[in-house]
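could you work out the structure for the sequence below:
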Amino acid sequence: MFTICGHTLNPGEKLQTVLRPFPGYEMPSTLICGAAPGKTLLITAGIHAGEYPGIPAVIRTAKAIDPMELTGNILMIHCVNTSGFRARTDCLVPEDNGNLNANYPGASEGTASEKIADYFVTEIFPHVDFVVDLHSGSQQEPLTPCLFFPKWEKVRAEALAAAKALDIPCLIQSANKSGESGYAAYAMGIPSLLLERGHSGFCEETWIRDYCHDLRLLLRHLGHYAYDKQSTAEKHVFVDAVHLEAEEEGLWHCQVKPGDSVKEGQLLGHTEDFFGNILHEYRAKADGIVFYHCCGLSVTAGRNLIAYGVREE
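Reported below is the predicted structural model:
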């Protein structure tokens, strides 16, 4: 039997429903209770509503899973930030401009995004054993497939083992405490992963299929579901990374691409003013691999320009 968020399923049952973190707000979801008992997996997409590929990947995976062949339970939330999805926002919840990857643990009497975060903390996290959250590069952020796993000792080994089972090349240690997966790991001791595929507001079919493949690899690794395909990606595990921010307002010209190897001192890009005068050259602080970068021309001080891994495990 699987009981969560006010729903109870018997072994071998699947339920398509909506979860309501507060009145008037709905998150389309699929709950599956496997025929054999086991642990519970939470899969989410659409926390950043304009990061699309994970949403159809979760929908397809939810439809494909046969509960009679499943061990344990799965809660799949197809799109968390549904109001943002309808409003075509990049990442924020439009009711309060809250970022669901930065506002945990939330508040039961707070704003819309705070109520959503609190719902996860109180109604979902206590009932799950592993969390995977699907993202992509934002509208001005091309990236190479990568993921973030928690650095916290109590969950690190289990999360990293799961990360290595997927078909994603860059595995990045994270100290995040305030996002869905980060808070689940840090505050509640739940192993978690945040996956990144696709970018720029696109929803390419190949990214969707690759995400479906990742989810099936994860289900097999965790012992939930059989799968006959293998991971082929060469893995790089990074325990340190540089998130380079702009020091001034200007026009940004990037010189590297996601997946590029860079050397210490290499020019990564520069900013100019409106007359073409160079304001600042940004160079690599160490050898590494580029995860993602800003492709927008306009930048302001504090804007993330490039992220790259600099120290492998």
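
from here on, just use CA atoms for contacts and neighbour counts.
Will do.

am I right that residue 168 is in a helix?
No. Residue state for residue 168 (DSSP: H, G, I helix; E, B strand; the rest coil) corresponds to coil; a helix is not indicated.

does it touch residue 148 like I think?
No. Counting by C-alpha atoms under 8 Å, residue 168 stays clear of residue 148, with 10.6 Å between them.

which strand or helix spans residue 220?
For residue 220, the host element (DSSP states H and E) is helix 205-221.

show me what counts as buried in that helix.
207-221 (16 or more other C-alpha atoms under 10 Å).

which of the residues you listed sits closest to residue 270?
Nearest to residue 270 among these is residue 207, at 30.4 Å by C-alpha to C-alpha.

which residues touch the closest one?
By C-alpha atoms under 8 Å, 6 or more residues apart in numbering, the contact list for residue 207 reads 53, 197, 198.

local confidence estimate at it?
Listed pLDDT for residue 207 reads 97.

all strands of the stretch 101-250 of the chain, in order?
Counting by DSSP state E, counting those that start in this stretch, the segments of the stretch 101-250 of the chain that form strands are 130-135, 146-150, 170-174, 192-196, 236-245, 250-254.

what average pLDDT does the second one get?
Along strand 146-150, the predicted confidence averages to a pLDDT of 96.

show me where this structure has helices.
54-64, 82-87, 112-119, 153-165, 180-188, 205-221 (DSSP state H).

circling back to that earlier point, just put the contacts of residue 207 in TSV and tack on neighbour count and pLDDT.
Output for those, formatted as TSV (neighbours: other C-alpha atoms under 10 Å; pLDDT from 0 to 100):
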residue	neighbour count	pLDDT
53	29	97
197	25	96
198	27	94
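
go through those residues and name the one nearest residue 33.
Distances from residue 33 to the contacts of residue 207, taken by C-alpha to C-alpha, are shortest for residue 53, at 25.3 Å.

quick one, what contacts the closest one?
Residue 53 neighbours (C-alpha under 8 Å, 6+ apart): 135, 136, 197, 198, 202, 203, 204, 207, 208, 211.

how does it look with 10 Å?
45-46, 134-136, 196-199, 201-212 (C-alpha atoms under 10 Å, 6 or more residues apart in numbering).

hmm, back to that, what residues are shared contacts of residue 168 and residue 148?
Common neighbours of residue 168 and residue 148 (C-alpha under 10 Å, 6+ apart) are 195, 196.

take the strands of the stretch 101-250 of the chain and write them to JSON lines, including mean neighbour count and distance to residue 296.
JSON lines is the format used below for these (neighbours: other C-alpha atoms under 10 Å; distance: least, C-alpha to C-alpha, whole Å):
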{"stretch": "strand 130-135", "mean neighbour count": "24", "distance to residue 296": "19"}
{"stretch": "strand 146-150", "mean neighbour count": "27", "distance to residue 296": "21"}
{"stretch": "strand 170-174", "mean neighbour count": "24", "distance to residue 296": "23"}
{"stretch": "strand 192-196", "mean neighbour count": "26", "distance to residue 296": "19"}
{"stretch": "strand 236-245", "mean neighbour count": "17", "distance to residue 296": "13"}
{"stretch": "strand 250-254", "mean neighbour count": "20", "distance to residue 296": "7"}
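
for residue 303, find the nearest of those.
strand 236-245 (5.3 Å).

put the alpha carbons of the closest one into CSV.
The C-alpha trace of strand 236-245 is given here as CSV (Å, rounded to 0.1, in the frame of the first residue of the first chain):
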residue,chain,number,x,y,z
HIS,A,236,33.7,13.2,-14.9
VAL,A,237,33.1,13.8,-11.2
PHE,A,238,33.8,17.4,-10.1
VAL,A,239,34.2,18.3,-6.5
ASP,A,240,34.9,22.0,-7.2
ALA,A,241,33.6,24.4,-9.8
VAL,A,242,33.8,28.1,-10.7
HIS,A,243,30.6,30.0,-11.2
LEU,A,244,31.9,33.1,-12.9
GLU,A,245,29.8,36.3,-12.5
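
which of the strands of the stretch 101-250 of the chain sits closest to residue 122?
Nearest of the strands of the stretch 101-250 of the chain (C-alpha to C-alpha): strand 130-135, 14.8 Å.

now do the closest one, average pLDDT.
Strand 130-135 comes out at a mean pLDDT of 98.

residue 177 contacts residue 189, doesn't it?
No. Using C-alpha atoms under 10 Å, residue 177 is not in contact with residue 189; the gap is 11.5 Å.

identify the contacts common to these two.
152, 183.

mind listing what residue 13 touches?
Shown in contact with residue 13 (C-alpha under 10 Å, 6+ apart): 1, 2, 31, 32, 33, 34, 35, 66, 67, 68, 73.

nearest to residue 83, of the residues you listed?
Nearest member of the contacts of residue 13 to residue 83, counting by C-alpha to C-alpha, is residue 31, at 21.4 Å.

for that closest one, which non-adjacent residue is spatially closest?
Of all residues not flanking residue 31 in the chain, residue 75 sits nearest, at 4.7 Å (C-alpha to C-alpha, 6 or more residues apart in numbering).
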